[in-house]
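In: pasting a predicted model and its sequence here:
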Amino acid sequence: MLEERKQIVEYSKKLITRGLTTGTGGNISIYKRELGLIAITPSGKDYFKTRPEDIVILDLDGNIRDGSLKPSSEWEMHHIFYKNREDANAIVHTHSKYATAISCMGWDLEPVHYLIGLAGYEVKCAEYALYGSEELAENALKALGDRKAVLHANHGLTALGDTLERAFSTAEQLEFVSEIYYLTKVLGGGNLLTKSQMDVVIKKFYS
C-alpha cells in the first residue's frame, strides 16, 4: 500500500498548511477494500517528519499488519465507519477552529451555505465521548447517519469520501461553512436553505 501511504503523508501536511489542525492533532486514513486493510496516520508524529513507512497498516480487527509505530488513537472510529459505510474509502479527522467551535456549542451545522451539501443537508453533532474511545466511535456513527461528515462534541469534525481528495475537500469546505455559520450567529442568525433547495444542490453535486 505504498501509494496510499504516500497520499496520507501528503495530505497530513495539508492538515497543517490549510489550517485544519495544529501540532499532531487530527488523523487521516485510506481503506483498501479489496485487501481489507487500512492505512492510517501514526499517533503523535509530527506530520512534516512523517515518512510513508511510518503510516500504519491495520486490518479490520485492529491488528497491525505493517508498521512499527502506534496507529492514531482514533483508529476505532475509522474502523467503525469503514465497516458500516460502503461508500467510504477515506477519512479525514480535523480540529479546525470554526467547526470545533460549533462542536463545543453542541450545535448541529445547519445549511447556511450550499457547500454543506458536500456532506448532506446538515452535519449532526455527536454526543461527547473521550477521544480515542470506543464510545466516541459509536456516537460518531450514530450521528453520521447517511451523511458524509459528523461533528464531535467539544472535539472536532470528521469527513469521509470515496477518495482521500474528496474527504479532504469536504472537511475543508465544511470549515468554511462553519466560519460562515459562526458569523451569521454573531450577526443575529442566518437565512437557512430549505430541504427542497438543498435537495437540488446535492443532486447537482453528484450528477
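Out: Sure, I can see it. Numbers count the residues shown, from 1 in each chain.

In: any idea which residue of this protein is furthest from its center?
Out: Centroid-distance maximum for the chain: G188 at 28.7 Å, with Cα atoms, centre = their mean.

In: phi, psi of that residue?
Out: Note on G188: backbone dihedrals following degrees, to the nearest 10 are phi 120, psi 0.

In: okay, helices next: where are they in this structure?
Out: Along the chain, counting by DSSP state H, helices occupy 2-17, 75-84, 97-104, 134-144, 164-187, 195-205.

In: of the ones you listed, which approaches A90 most closely?
Out: When those are compared by Cβ to Cβ, helix 164-187 sits nearest A90, at 4.0 Å. C-beta coordinates here come from the backbone N, C-alpha and C atoms, glycine included.

In: buried residues in that closest one?
Out: 164, 166-175, 177-182, 184 (16 or more other Cβ atoms under 10 Å).

In: swap in stretch 145-164?
Out: 147-153, 155-161, 164.

In: return the alpha-carbon coordinates of it using PDB.
Out: C-alpha atoms of stretch 145-164 as PDB (Å, rounded to 0.1, in the frame of the first residue of the first chain):
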ATOM      1  CA  GLY A 145     -26.300   8.600   9.600                       C
ATOM      2  CA  ASP A 146     -26.200   8.700   5.800                       C
ATOM      3  CA  ARG A 147     -24.200  11.900   5.700                       C
ATOM      4  CA  LYS A 148     -20.500  12.300   4.800                       C
ATOM      5  CA  ALA A 149     -19.400  14.200   7.900                       C
ATOM      6  CA  VAL A 150     -20.000  14.500  11.600                       C
ATOM      7  CA  LEU A 151     -19.100  16.900  14.400                       C
ATOM      8  CA  HIS A 152     -17.800  15.500  17.700                       C
ATOM      9  CA  ALA A 153     -18.900  17.500  20.700                       C
ATOM     10  CA  ASN A 154     -16.100  19.500  22.200                       C
ATOM     11  CA  HIS A 155     -13.600  17.900  19.800                       C
ATOM     12  CA  GLY A 156     -13.700  18.500  16.100                       C
ATOM     13  CA  LEU A 157     -15.000  17.200  12.700                       C
ATOM     14  CA  THR A 158     -14.700  14.000  10.600                       C
ATOM     15  CA  ALA A 159     -15.400  13.800   6.900                       C
ATOM     16  CA  LEU A 160     -15.400  10.700   4.700                       C
ATOM     17  CA  GLY A 161     -15.300  10.200   1.000                       C
ATOM     18  CA  ASP A 162     -14.800   7.600  -1.800                       C
ATOM     19  CA  THR A 163     -11.300   9.100  -2.200                       C
ATOM     20  CA  LEU A 164      -8.900  10.900   0.100                       C
END
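
In: all set now, cheers.
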